[in-house]
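S.K.: Output the structure for:
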Amino acid sequence: MVFATLIFANILLSYANRSFHYSILESFKNRNLLLVGISIAVLLFLAVILYVAPVAQFFAVTALSGYELGIALSVAAVSVLWFEVYKLIRRISVQRKSDKS
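M.R.: Now for the predicted structure:
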(Lines give C-alpha, C1' and ligand atoms only; values in the text may rest on other atoms or scores of the structure.)
Protein backbone atom coordinates (compact mmCIF):
# COMPACT_ATOMS: atom_id res chain seq x y z
CA MET A 1 0.00 0.00 0.00
CA VAL A 2 2.93 2.33 0.66
CA PHE A 3 4.11 1.98 -2.94
CA ALA A 4 0.68 2.94 -4.30
CA THR A 5 0.52 5.89 -1.90
CA LEU A 6 3.90 7.14 -3.13
CA ILE A 7 2.81 6.84 -6.75
CA PHE A 8 -0.45 8.71 -6.09
CA ALA A 9 1.37 11.40 -4.09
CA ASN A 10 3.92 11.94 -6.86
CA ILE A 11 1.17 12.32 -9.45
CA LEU A 12 -0.71 14.79 -7.25
CA LEU A 13 2.49 16.73 -6.54
CA SER A 14 3.09 16.99 -10.27
CA TYR A 15 -0.29 18.68 -10.63
CA ALA A 16 0.14 20.82 -7.50
CA ASN A 17 3.55 22.06 -8.64
CA ARG A 18 2.23 23.27 -11.99
CA SER A 19 1.76 26.63 -10.32
CA PHE A 20 3.30 28.06 -7.18
CA HIS A 21 0.50 30.61 -6.99
CA TYR A 22 -2.77 29.08 -8.17
CA SER A 23 -4.50 26.10 -6.56
CA ILE A 24 -4.39 22.62 -8.03
CA LEU A 25 -8.03 23.03 -9.11
CA GLU A 26 -7.30 26.29 -10.92
CA SER A 27 -4.30 24.74 -12.64
CA PHE A 28 -6.55 22.16 -14.31
CA LYS A 29 -7.81 24.99 -16.54
CA ASN A 30 -4.40 24.96 -18.25
CA ARG A 31 -4.28 21.77 -20.26
CA ASN A 32 -1.03 19.86 -20.36
CA LEU A 33 -1.52 16.76 -22.47
CA LEU A 34 1.97 15.47 -21.70
CA LEU A 35 1.30 15.53 -17.95
CA VAL A 36 -2.06 13.82 -18.45
CA GLY A 37 -0.46 11.16 -20.65
CA ILE A 38 2.35 10.50 -18.21
CA SER A 39 -0.13 10.30 -15.32
CA ILE A 40 -2.21 7.73 -17.19
CA ALA A 41 0.90 5.74 -18.10
CA VAL A 42 2.10 5.71 -14.49
CA LEU A 43 -1.33 4.56 -13.28
CA LEU A 44 -1.32 1.79 -15.88
CA PHE A 45 2.15 0.70 -14.75
CA LEU A 46 0.92 0.71 -11.16
CA ALA A 47 -2.02 -1.49 -12.16
CA VAL A 48 0.32 -3.92 -13.93
CA ILE A 49 2.65 -4.04 -10.93
CA LEU A 50 -0.23 -4.67 -8.53
CA TYR A 51 -2.49 -6.98 -10.53
CA VAL A 52 -0.35 -9.01 -12.96
CA ALA A 53 0.75 -11.94 -10.80
CA PRO A 54 4.30 -12.53 -12.15
CA VAL A 55 5.07 -8.80 -12.03
CA ALA A 56 3.58 -8.45 -8.54
CA GLN A 57 5.63 -11.42 -7.39
CA PHE A 58 8.81 -9.90 -8.87
CA PHE A 59 8.20 -6.62 -7.01
CA ALA A 60 7.00 -8.50 -3.89
CA VAL A 61 3.67 -6.67 -3.68
CA THR A 62 0.14 -7.91 -3.26
CA ALA A 63 -3.00 -6.76 -5.04
CA LEU A 64 -4.92 -4.00 -3.31
CA SER A 65 -8.67 -3.86 -2.89
CA GLY A 66 -10.64 -0.81 -3.95
CA TYR A 67 -10.88 0.20 -0.31
CA GLU A 68 -7.10 0.00 0.11
CA LEU A 69 -6.55 2.00 -3.08
CA GLY A 70 -8.96 4.61 -1.70
CA ILE A 71 -6.97 4.82 1.52
CA ALA A 72 -3.72 5.15 -0.45
CA LEU A 73 -5.21 7.93 -2.58
CA SER A 74 -6.60 9.70 0.49
CA VAL A 75 -3.27 9.60 2.32
CA ALA A 76 -1.54 10.88 -0.82
CA ALA A 77 -4.05 13.73 -1.14
CA VAL A 78 -3.59 14.72 2.50
CA SER A 79 0.19 14.66 2.08
CA VAL A 80 -0.11 17.17 -0.78
CA LEU A 81 -2.72 19.31 0.97
CA TRP A 82 -0.12 21.23 2.99
CA PHE A 83 1.28 22.74 -0.20
CA GLU A 84 -2.17 23.86 -1.29
CA VAL A 85 -2.70 25.51 2.12
CA TYR A 86 0.68 27.23 1.76
CA LYS A 87 -0.26 28.56 -1.69
CA LEU A 88 -3.61 29.81 -0.33
CA ILE A 89 -1.91 31.65 2.54
CA ARG A 90 0.59 33.12 0.10
CA ARG A 91 -2.19 34.29 -2.27
CA ILE A 92 -4.05 35.95 0.61
CA SER A 93 -0.85 37.64 1.78
CA VAL A 94 -0.06 38.96 -1.70
CA GLN A 95 -3.66 40.17 -2.12
CA ARG A 96 -3.57 42.03 1.21
CA LYS A 97 -0.29 43.70 0.29
CA SER A 98 -1.67 44.82 -3.07
CA ASP A 99 -4.86 46.11 -1.42
CA LYS A 100 -2.79 48.30 0.92
CA SER A 101 -0.91 49.86 -1.99
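S.K.: residue closest to the middle of the chain?
M.R.: Leu12 (1.3 Å; Cα atoms, centre = their mean).
S.K.: Grab the nearest non-local neighbour of that residue.
M.R.: Leaving aside its chain neighbours, Leu12 sits nearest to Val80 (4.4 Å; criterion: Cβ to Cβ, 6 or more residues apart in numbering). All C-beta spots, glycine's among them, are computed from the backbone N, C-alpha and C.
S.K.: Strands along this structure, start to end?
M.R.: Assigned strands in the chain: none (criterion: DSSP state E).
S.K.: what pLDDT, on average, does the helix ranked longest in the chain get?
M.R.: Looking across the chain with DSSP state H, the single longest helix is helix 66-100. If you average the pLDDT over helix 66-100, you get 90.
S.K.: Show me what it is packed up against.
M.R.: helix 2-16 (3 or more Cβ pairs under 8 Å, 6 or more residues apart in numbering; DSSP states H and E).
S.K.: So what's the model's average confidence on the helix it packs on?
M.R.: 94.
S.K.: what distance separates the longest helix of the chain from the middle of the whole chain?
M.R.: Using Cα atoms, centre = their mean, to the nearest Å, the distance from the centre of helix 66-100 to the centre of the chain it belongs to is 11 Å.
S.K.: got it, and stretch 12-26?
M.R.: Taking Cα atoms, centre = their mean, the mean C-alpha location of stretch 12-26 is offset from the chain mean by 10 Å.
S.K.: start to end distance for that stretch?
M.R.: 14 Å (Cα to Cα, to the nearest Å).
S.K.: For that stretch, give me every contacting residue.
M.R.: Here stretch 12-26 makes contact (Cβ atoms under 8 Å, 6 or more residues apart in numbering) with 27-28, 30, 32, 35, 38-39, 76-77, 80, 83-84, 87-88, 90-91.
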